[in-house]
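Q: I'd like to go over a predicted model; first the sequence, then the structure.
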Amino acid sequence: MSHYDRHVFFCVNQRAAGEDCCNNFGAQAARDYVKDKVKQLGISGAQNNLRINSAGCLGRCELGPVLVVYPEAVWYTYVDHSDLDEIIEEHLKHGRIVDRLKI
């Protein structure tokens, strides 16, 4: 049995200047925001079976910034905190995929 039921991987990769990458869109700050937010909401960690992770390149740079939620294998893109809040509320809290942000 898995220690966590759900993992959220944020691509935080930084490529050489000028190349597409998620961190050009503030991916590390977005990951930090989500990690803090789910902690504040009390839905993260082993006791709640949710883990927010950093990842290197996830190979979808042209669609960035991206995150993926496993085990569902749902890929999202986002623009701002309101998009991230919607993913938290709908998918991470209630298990409902956010179609408008899904890749």
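A: Yes, it's here.

Q: what about the closest residue to residue 61 other than its chain neighbours, helix or strand, and which?
A: Using Cβ to Cβ, 6 or more residues apart in numbering and skipping the chain neighbours, the partner closest in space to residue 61 is residue 20 (4.2 Å). To be clear about C-beta, it is placed using only N, CA and C from the backbone, and glycine gets the same treatment. According to DSSP states H and E, residue 20 maps onto no helix or strand at all.

Q: Name all residues that make contact with residue 20.
A: 61-62, 64 (Cβ atoms under 8 Å, 6 or more residues apart in numbering).

Q: just the buried members of these?
A: Buried by 16 or more other Cβ atoms under 10 Å: 61, 64, out of the contacts of residue 20.

Q: and the contacts of residue 20 as a markdown table, adding distance to residue 103 and pLDDT?
A: Listed next are the contacts of residue 20 as a markdown table, based on distance: Cβ to Cβ, whole Å; pLDDT from 0 to 100:
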| residue | distance to residue 103 | pLDDT |
| --- | --- | --- |
| 61 | 12 | 80 |
| 62 | 11 | 83 |
| 64 | 10 | 79 |
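
Q: Many thanks, we can stop here.
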